[in-house]
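> what follows is a predicted protein model with its sequence.
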Amino acid sequence: MSYRSGMPLMLHTADLHVGDSRNLPGYLERQEKMLYTITELCVDREVDLCVMVGDIFDAKHLKPREKDMFLRWLIEHDRAGKKHKFDTVIENGNHDEVEEGYTHLRQHKIMQDFGMLKSTHIVEADPKLLGPFKGSIWVAALPARKYKGDEINFAVSALYKKLEAKLESNQTNIPGTEEKVHFVAMVHEAILGAENELGTFRVKKGPKLDPDLPVTYWALGDIHKPFQQILPNAWYPGSPIQHDFGDEDTERGVLVVDLEDPVDPEPVLVSGVKPLITLSQVPAEWPDAIVRFEGSPEEIADTAFPENVVGFKPVLEEDTMSSASVTFEGSDLLDDLPDVLTDQSVPADLQQDVVDEIQAALGVL
Ligand SMILES: [Mn+2]
């Protein structure tokens with residue numbers, strides 16, 4: 001079935017985090033399903049371009065089978081792109097960094113340099129202008145670099161000037177033959193005003209996006225909360241699947257963007273990946289999900305849980321809390337915490353982990 005509208009279509013995803021949540025049963029199969037579903041969506045929706053905006057991998061230390069799974073997928077995805085005539089641009093996020101100036105994507109970049117990738121373009125470390133794809137789509141790819149203030153706008157402007165110079169040199173001087181340009185900026189950063197996973201704070205000191213730049217669509221990455229709009233034409237798709245129990249929204253996926261109408265991207269869910277849910281009561285029937293159970297230590301000890309219940313969260317009784325020697329008036333400290341972490345250049349998803357841990361420890365979730 002074809003959904004093709006005839007307009008330039010782009011699939012936008014980010015924050016794949018291959019290798020995350022190793023404690024979950026079947027974690028790598030979930031991530032494999034995520035990747036192949038993205039390829040299927042590129043084929044089924046007949047997109048012209050697929051952009052993956054950073055945090056492809058989760059951590060410095062990948063397990064061999066995590067690397068292998070991704071490599072097999074990358075080769076198959078690349079072949080699908082060649083066969084079905086779509087290109088893919090993959091850039092690194094902060095999580096992909098292995099050491100200063102070197103990311104997990106370097107090996108895939110080497111494959112590209114030796115002609116082993118046909119439709120896939122790896123952008124690692126430095127900002128780069130790519131295109132044109134399908135004659136009109138140009139991409140300014142800005143891998144993660146802890147941009148501040150207006151630095152993203154300066155970098156995007158510089159690449160746009162480069163594009164203008166290229167178009168200038170191709171000018172035919174025949175009226176009406178000016179080339180149509182769809183200019184996409186890929187940016188992996190926590191942008192000022194973005195909301196975190198739980199909606200508990202907004203980024204207060206992040207870099208800004210200039211709405212007046214000639215950018216058709218800002219393809220953002222870094223924030224995991226699904227389908228978040230920053231400017232009319234600037235969106236975070238969020239992580240395409242839940243990575244952990246703190247990821248509340250079970251409905252996640254990618255954005256399909258019509259570049260002729262970039263203010264209204266279509267959220268397309270990645271289905272077939274078991275949801276992660278937290279239950280605080282024993283249900284009549286356990287759902288087909290990976291479950292974390294929240295209850296008193298006694299209830300947790302006395303209940304016979306099925307195999308899909310893999311996480312436990314003891315909740316202390318009210319009287320235990322009130323008799324505690326330290327009383328916590330938590331909100332002020334938690335309000336300031338994201339700022340403090342941002343000042344220390346702690347990336348947004350790590351900020352989320354810290355806030356989750358503290359909230360969980362204080363029982364203020
Ligand atoms: Mn991320």
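Sure, I can see it.
> neighbours of residue 183, how many?
21 (other Cβ atoms under 10 Å). The way it works is simple: take the backbone N, C-alpha and C, and place the C-beta from them, glycine included.
> what about the helix or strand encompassing it, near the ion?
In this assignment (DSSP states H and E), residue 183 forms part of strand 182-188. No. Residues of strand 182-188 contacting the ion under Cβ under 5 Å from the ion: none, with a closest distance of 8.0 Å.
> how far is the next helix or strand after that strand from where the chain is centred?
Downstream of strand 182-188, the next assigned helix or strand under DSSP H and E is strand 217-221. Chain-centre distance of strand 217-221: 10 Å, with Cα atoms, centre = their mean, to the nearest Å.
> packing partners for strand 217-221?
strand 9-13, strand 49-53, strand 182-188, strand 228-231, strand 234-236 (3 or more Cβ pairs under 8 Å, 6 or more residues apart in numbering; DSSP states H and E).
> let's see 6 Å
strand 49-53, strand 182-188 (3 or more Cβ pairs under 6 Å, 6 or more residues apart in numbering; DSSP states H and E).
> rewinding a little: given the strand holding residue 183, what are its sheet partners and their directions?
strand 137-142 (parallel), strand 217-221 (parallel) (DSSP bridges).
> who are the neighbours in contact with the residue in the chain that the ion sits nearest to?
Relative to the ion, the nearest point of the chain is residue 55 (3.4 Å; Cβ to the ion). Going by Cβ atoms under 6 Å, 6 or more residues apart in numbering, residue 55 touches 15, 17, 93, 95.
> if we use 8 Å, what do you get?
Listed by Cβ atoms under 8 Å, 6 or more residues apart in numbering, the contact partners of residue 55 are 14-17, 93-96, 188, 221-222, 349.
> what pLDDT is listed against residue 179?
Looking at residue 179, its pLDDT reads 70.
> could you check how far the closest residue to it other than its chain neighbours is from residue 214?
In space, and not counting its chain neighbours, residue 179 is closest to residue 167: 5.8 Å by Cβ to Cβ, 6 or more residues apart in numbering. Per Cβ to Cβ, to the nearest Å, residue 167 is found 12 Å from residue 214.
> please apply the same query to residue 289.
In this view, residue 289 and residue 214 are 45 Å apart by Cβ to Cβ.
> quick check on those two: which one has the bigger neighbour count.
More neighbours surround residue 289 than the other of residue 289 and residue 214, with 16 against 11 (other Cβ under 10 Å).
> go ahead and confirm the more buried one touches residue 279.
No. Residue 289 is not in contact with residue 279 according to Cβ atoms under 8 Å; the separation is 9.0 Å.
> pull up the residues of the chain that are close to the ion.
15, 55, 349.
> for the chain, which spans come out with low pLDDT?
The chain contains residues with pLDDT under 70 at 1-6, 171-178, 317-336, 338-340, 342-345, 347, 362-365.
> and the helices in it, which stretches?
For the chain, applying DSSP state H gives helices covering 27-44, 64-84, 106-113, 151-169, 297-302, 318-322, 331-343, 348-362.
> mean neighbour count, those helices: which tops it?
Highest mean neighbour count among the helices of the chain (mean count of other Cβ atoms under 10 Å): helix 27-44, with a mean of 19.
> residue contacts, residue 253?
226, 237, 240, 267-271.
> if we go to 7 Å?
240, 267-270 (Cβ atoms under 7 Å, 6 or more residues apart in numbering).
> about what we covered before: mind putting the strands paired with strand 182-188 in TSV, distance to residue 66 included?
Converted to TSV, the strands paired with strand 182-188 look like this (distance: least, Cβ to Cβ, whole Å):
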stretch	distance to residue 66
strand 137-142	24
strand 217-221	20
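> tell me the most buried of those strands?
strand 217-221 (a mean of 29).
> quick one: the closest residue to residue 84 other than its chain neighbours from residue 77, how far?
Using Cβ to Cβ, 6+ apart and skipping the chain neighbours, the partner closest in space to residue 84 is residue 43 (5.0 Å). Separation of residue 43 from residue 77 (Cβ to Cβ): 10 Å.
> ok, residue 217 next?
For residue 217 relative to residue 77 (Cβ to Cβ), the value is 22 Å.
> ok, and the closest non-adjacent residue to residue 28?
The nearest residue in space to residue 28 (Cβ to Cβ, 6+ apart) is residue 69, at 5.9 Å.
> now that neighbour: how far from residue 197?
Taking Cβ to Cβ, one finds residue 69 at 25 Å from residue 197.
> okay, now the closest residue to residue 217 other than its chain neighbours: neighbour count?
Nearest residue to residue 217, sequence neighbours excluded (Cβ to Cβ, 6+ apart): residue 262, at 4.0 Å. With neighbours defined by other Cβ under 10 Å, the count for residue 262 comes to 21.
> contact partners for residue 262?
216-217, 233.
> what residues are up against the spatially closest residue to residue 93 that is not a sequence neighbour?
With Cβ to Cβ, 6+ apart as the criterion, residue 93 has its nearest non-adjacent residue at 2.5 Å, and that residue is residue 54. Listed by Cβ under 7 Å, 6+ apart, the contact set of residue 54 reads 14, 91-93, 96, 143-144, 188, 221-222.
> who's the residue nearest to residue 141 when sequence neighbours are not counted bridged to?
Leaving aside its sequence neighbours, residue 141 sits nearest to residue 123 (Cβ to Cβ, 6+ apart; 4.0 Å). In this structure, residue 123 bridges to residue 91 when assessed by DSSP bridges.
> would you mind measuring from residue 123 to residue 186?
For residue 123 relative to residue 186 (Cβ to Cβ), the value is 8 Å.
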